[in-house]
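[1] No letters, just coordinates:
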């Protein structure tokens, strides 16, 4: 992890917004890097959880929103489980994603914002994830309709994907959660 510290005085950057949105006090991190040691995507993302937190300590601004980890994080909570200070790093990542979307910063590589939006829309409609609808929404949104189309029959044959939407979910409870969170908008400075 290489972090360059310039001599010019920096503002607090995104840190106050991230702390307010996530409910996490970043001061408690003492950079033990246990979160980074357990992160399954840190190597491929080019940034580790401890690096993201350290950059927030140092006053990182919008350049942090372009980090690969912001969109590649699986929210598996391995970092949270390993952290001796119980820093909820997935909540920090969610705050950074929200800020990135609010500021219109394009995700580096791939189209994770579209994927996340399709996933959430499907959960709102069906009460849980419905793979076929989610994939179709993503393919239509990305304009890559026929990519991976040859895999569909094999997935159906192996029972990996259902043609019909899932049943049994408490759709009303899920919809109430979405309705409750719709009014909460990201504060962009």
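    Nice, thanks for sending it over. Keep in mind that this is a model prediction, so the values were computed, not measured. Numbers count the residues shown, from 1 in each chain.

[2] contacts and neighbour counts: CA atoms only from here.
    Will do.

[3] so what's residue 155 up against?
    Counting by Cα atoms under 8 Å, 6 or more residues apart in numbering, residue 155 makes contact with residue 161.

[4] the bottom helix or strand of the protein by mean pLDDT?
    Least confident element among the helices and strands of the chain, by mean pLDDT, DSSP states H and E: helix 171-182 (a mean of 81).

[5] in that helix, what's buried?
    Residues of helix 171-182 classed as buried: 171, 174-175 (neighbour count, 16 or more other Cα atoms under 10 Å).

[6] Those residues into CSV, with extra columns for distance to residue 32?
    Formatted as CSV, the buried residues of helix 171-182 follow (distance: Cα to Cα, whole Å):
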residue, distance to residue 32
171, 42
174, 37
175, 40
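
[7] Residue 72: which of these is nearest?
    Distance to residue 72 across the buried residues of helix 171-182 (Cα to Cα) is lowest for residue 174, with 25.0 Å.

[8] Spatially, and excluding backbone neighbours, which residue is closest to that closest one.
    Closest residue to residue 174 apart from its sequence neighbours, by Cα to Cα, 6 or more residues apart in numbering: residue 127 at 5.7 Å.

[9] Isn't the one you found up against residue 178?
    No. The pair residue 127 and residue 178 fails to qualify as a contact (Cα atoms under 8 Å) at a distance of 10.5 Å.

[10] how long is stretch 158-171 from one end to the other?
    End-to-end distance for stretch 158-171: 28 Å, by Cα to Cα, to the nearest Å.

[11] How far off centre is it?
    Distance of stretch 158-171 from the chain centroid (Cα atoms, centre = their mean, to the nearest Å) equals 24 Å.

[12] Can you give me the buried ones in that stretch?
    Across stretch 158-171, burial judged by 16+ other Cα under 10 Å covers residue 171.

[13] One more: stretch 63-71?
    Within stretch 63-71, the residues that qualify as buried are 64-71, counting by 16+ other Cα under 10 Å.

[14] got a list of what residue 89 touches?
    Counting by Cα under 8 Å, 6+ apart, residue 89 touches 49, 77, 79-80.

[15] Can you tell me how far it is from residue 174?
    Distance of residue 89 to residue 174, computed by Cα to Cα: 24 Å.

[16] Over to residue 21?
    Separation of residue 21 from residue 174 (Cα to Cα) stands at 22 Å.

[17] Ok, residue 49 next?
    Residue 49 sits 30 Å away from residue 174 when distances are taken as Cα to Cα.

[18] Surely residue 86 touches residue 80?
    Yes. Between residue 86 and residue 80 there is a contact under Cα under 8 Å: 6.0 Å.

[19] the more surrounded of those two?
    More neighbours surround residue 80 than the other of residue 86 and residue 80, with 20 against 13 (other Cα atoms under 10 Å).
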